[in-house]
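Asker: only geometry, no sequence info:
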């Protein structure tokens, strides 16, 4: 959510004032767009790569470790921050130029930083794991007392349950672990939003000129299903083999403020893909205020329109806080740096891991394909229905490389074939347009190529490794712990996941 929030109770007057402030912030965005008041107006900004990577903590037995406060204290690096669950931390990678050889230097810097952090964590008996969903997490780890100590997390939990009025239910039917085996089903209830903390992601930021925002957001939406299909890394939760990218349904269900009756009425979910292609970023902020009540109605005394009238740029604190509690898979971001406003697309569909080089490959593929689609002669969103893009996300998350995705001029196609035939050449052109070096382009897109040829994602490797251990006589819990120990060792070796051997 950004800033710490300390208010523990909200009145009706708080909500009315917050709604008014968000509305005036939305009007300020419209005026700034019309008046060319964004720093990047009329010219594309310098390409910058920014990312956030969420991490899990485990103990020596590969079980979740509720020790983020202790681990952050020994890491002692402002790049690392707390997250919702006590078994989570996050690294925020400062934006860097996405040109020349800087992409490879970012990989080297990220690996060094994570190695230093893990070495510090080991002094407390803990280890960092970069994975989309920690395989050894169980329902017992979702108890309310495991929420991190920062008051904003407990307040968010309180407000979501106040809006919902009943416990949260997770209900997910998985993909069979073997061809002849049954499908597992996870069905459990919880009195906290901690299942959200199970969803550890890679979040990619791309700064864009305001007039180009809609094209970049539409392109990001169009490829979301492909992204999760070829990068799945979240197949297990509470001992069950679920989707290839289980983060998607878990996150949707864990932050759902709607009881069944509101779902039946068609009320929009808080975790939202959206329902249409857009023409401007204003469309998204307008939807946020139109459809979603405030979760954290904390207001300032600053009138953003008055700030504009005085010739300054407003920070739009209420709009940004509200925007941070509408969980779009591709989120619009308004930010102010040194008194100048800019816009970013935040891509949130990808899981963390398995390795640093896999993370970088996923980032390069995303940035390259988005740029390629934006610069195409005929926009993809003029040839593909929004419903098809939304269904692709669900299919890609559920079935991974075995999904059937829809793509214009191709029809129904498996993700690996679509990437190899269409999207890798597009990504290459997009990275060329960014000015990415041949070395970086070959390194990262080569990994995506290898992943599609072998059809081995992090999720596929985890599932095969557990199936092999169970075939050798291990029970599910023992197989998950053993697989995770092997995963961590291979993560540190650093070979991309499509080259990982099975036990």
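Answerer: On my side now, so go ahead. Fair warning: this is a prediction, and the values are worked out from it, not measured in the lab. Numbers count the residues shown, from 1 in each chain.
Asker: Going by C-alpha atoms from here, please, whenever you check contacts or count neighbours.
Answerer: OK.
Asker: tell me, what residue is most central in the chain?
Answerer: Centroid-nearest residue in the chain, with CA atoms, centre = their mean: residue 348, separated by 2.6 Å.
Asker: For that residue, give me phi and psi.
Answerer: phi -120, psi 10 (degrees, to the nearest 10).
Asker: wait, isn't it in contact with residue 363?
Answerer: No - Residue 348 is beyond contact range of residue 363, at 11.4 Å (criterion: CA atoms under 8 Å).
Asker: residues shared between the contacts of those two?
Answerer: Applying CA atoms under 8 Å, 6 or more residues apart in numbering, one finds that residue 348 and residue 363 are jointly contacted by residue 204.
Asker: Run a quick neighbour tally on the closest residue to residue 59 other than its chain neighbours.
Answerer: Using CA to CA, 6 or more residues apart in numbering and skipping residues adjacent in sequence, the residue nearest residue 59 is residue 126, 4.7 Å away. By the criterion of other CA atoms under 10 Å, residue 126 has 25 neighbours.
Asker: confidence score at residue 126?
Answerer: We note a pLDDT of 97 for residue 126 in this prediction.
Asker: got the phi/psi numbers for it?
Answerer: phi -120, psi 170.
Asker: Also residue 24?
Answerer: phi -70, psi -30.
Asker: what residues are up against it?
Answerer: Per CA under 8 Å, 6+ apart, neighbours of residue 24: 303-305.
Asker: Residue 299 versus residue 21, what's the distance?
Answerer: 7 Å (CA to CA, to the nearest Å).
Asker: right, I mislabeled it, should have said residue 244
Answerer: Taking CA to CA, one finds residue 244 at 40 Å from residue 299.
Asker: So between these two, which is more surrounded?
Answerer: The residue with more neighbours, out of residue 244 and residue 299, is residue 244; 32 against 18, by other CA under 10 Å.
Asker: Wait, a helix at residue 155?
Answerer: Yes - assigned with DSSP: H, G, I helix; E, B strand; the rest coil, residue 155 falls within a helix.
Asker: Now do it, the pLDDT please.
Answerer: Listed pLDDT for residue 155 reads 89.
Asker: Could you count how many residues lie near it?
Answerer: Counted with other CA under 10 Å, residue 155 comes out at 17.
Asker: I would like the residues contacting stretch 139-152, please.
Answerer: Residues external to stretch 139-152 that are found in contact with it (CA under 8 Å, 6+ apart): 4-6, 66, 68, 82-86, 153-154, 188, 190-195, 238.
Asker: quick one: average pLDDT of that stretch?
Answerer: Averaged across stretch 139-152, pLDDT comes to 91.
Asker: Next one: the residue lying farthest from the centre of the chain from residue 29, what distance?
Answerer: What lies farthest from the middle of the chain is residue 310; by CA atoms, centre = their mean that is 37.2 Å. Using CA to CA, one gets 15 Å for the distance from residue 310 to residue 29.
Asker: same check, this time on residue 318
Answerer: To residue 29, residue 318 is 13 Å away according to CA to CA.
Asker: Quick one: neighbours of residue 352, just the number.
Answerer: Applying other CA under 10 Å, we find 30 other residues in the vicinity of residue 352.
Asker: which parts of stretch 330-349 are buried?
Answerer: 330-335, 341-349 (16 or more other CA atoms under 10 Å).
Asker: let me redo that: stretch 159-174
Answerer: 159-161, 164, 168-170, 172, 174.
Asker: Report the mean per-residue pLDDT for that stretch.
Answerer: Here the average pLDDT along stretch 159-174 is 91.
Asker: Give me the distance from it to the chain's centre.
Answerer: Relative to its chain's centre, stretch 159-174 lies at 20 Å (CA atoms, centre = their mean, to the nearest Å).
Asker: which residues sit against it?
Answerer: Residues from elsewhere that reach stretch 159-174, judged by CA under 8 Å, 6+ apart: 183-193, 240-243, 249-250, 253-259, 295-296, 398.
Asker: Out of those residues, which end up buried?
Answerer: Neighbour counting by 16+ other CA under 10 Å classes 184-186, 190, 192-193, 240-243, 249-250, 253-259, 295-296, 398 among the contacts of stretch 159-174 as buried.
Asker: so what's the residue nearest to residue 21 when sequence neighbours are not counted scoring on pLDDT?
Answerer: Among residues not flanking residue 21 along the chain, residue 318 sits closest, at 6.3 Å (CA to CA, 6+ apart). Per-residue pLDDT puts residue 318 at 95.
Asker: what sits up against whichever strand or helix holds residue 318?
Answerer: Using DSSP states H and E, residue 318 maps to helix 317-323. For helix 317-323, the external contacting residues (CA under 8 Å, 6+ apart) are 1-2, 18, 21-23, 25-26, 285, 288, 294-300, 332-334.
Asker: Now find how far off-centre it is within its chain.
Answerer: Distance of helix 317-323 from the chain centroid (CA atoms, centre = their mean) equals 19 Å.
Asker: Equivalent analysis for stretch 185-196, please.
Answerer: 19 Å.
Asker: what do you get for stretch 482-496?
Answerer: On CA atoms, centre = their mean, the centre of stretch 482-496 falls 22 Å from that of its chain.
Asker: Check what contacts that stretch and list those residues.
Answerer: Under the criterion CA under 8 Å, 6+ apart, residues 62, 129-130, 135-136, 354-358, 447, 462, 465-466, 500 lie in contact with stretch 482-496.
Asker: Buried ones among those residues?
Answerer: Buried subset of the contacts of stretch 482-496 (neighbour count, 16+ other CA under 10 Å): 62, 129-130, 135-136, 354-358, 447, 462, 465-466, 500.
Asker: so where does the residue nearest to residue 400 when sequence neighbours are not counted fall, helix or strand?
Answerer: Computed as CA to CA, 6+ apart, the closest residue to residue 400 that is not its neighbour in sequence is residue 229, at 4.1 Å. Using DSSP H and E, residue 229 maps to helix 224-231.
Asker: Repeat that for residue 390.
Answerer: Judged by DSSP H and E, residue 390 forms part of helix 386-399.
Asker: That helix: what's the following helix or strand?
Answerer: Note on helix 386-399: by DSSP H and E, the next helix or strand toward the C-terminus is strand 405-407.
Asker: tell me the contacts of residue 426?
Answerer: Shown in contact with residue 426 (CA under 8 Å, 6+ apart): 368-369, 372-373.
Asker: mind running it again at 7 Å?
Answerer: Going by CA atoms under 7 Å, 6 or more residues apart in numbering, residue 426 touches 369, 372.
Asker: same deal with residue 62?
Answerer: Taking CA under 7 Å, 6+ apart as the test, what residue 62 contacts is 481, 484-485.
Asker: Apply 8 Å and report the result again.
Answerer: Neighbours of residue 62 in contact, by CA under 8 Å, 6+ apart: 136, 481, 484-485.
Asker: of these, closest to residue 14?
Answerer: Nearest to residue 14 among these is residue 136, at 41.1 Å by CA to CA.
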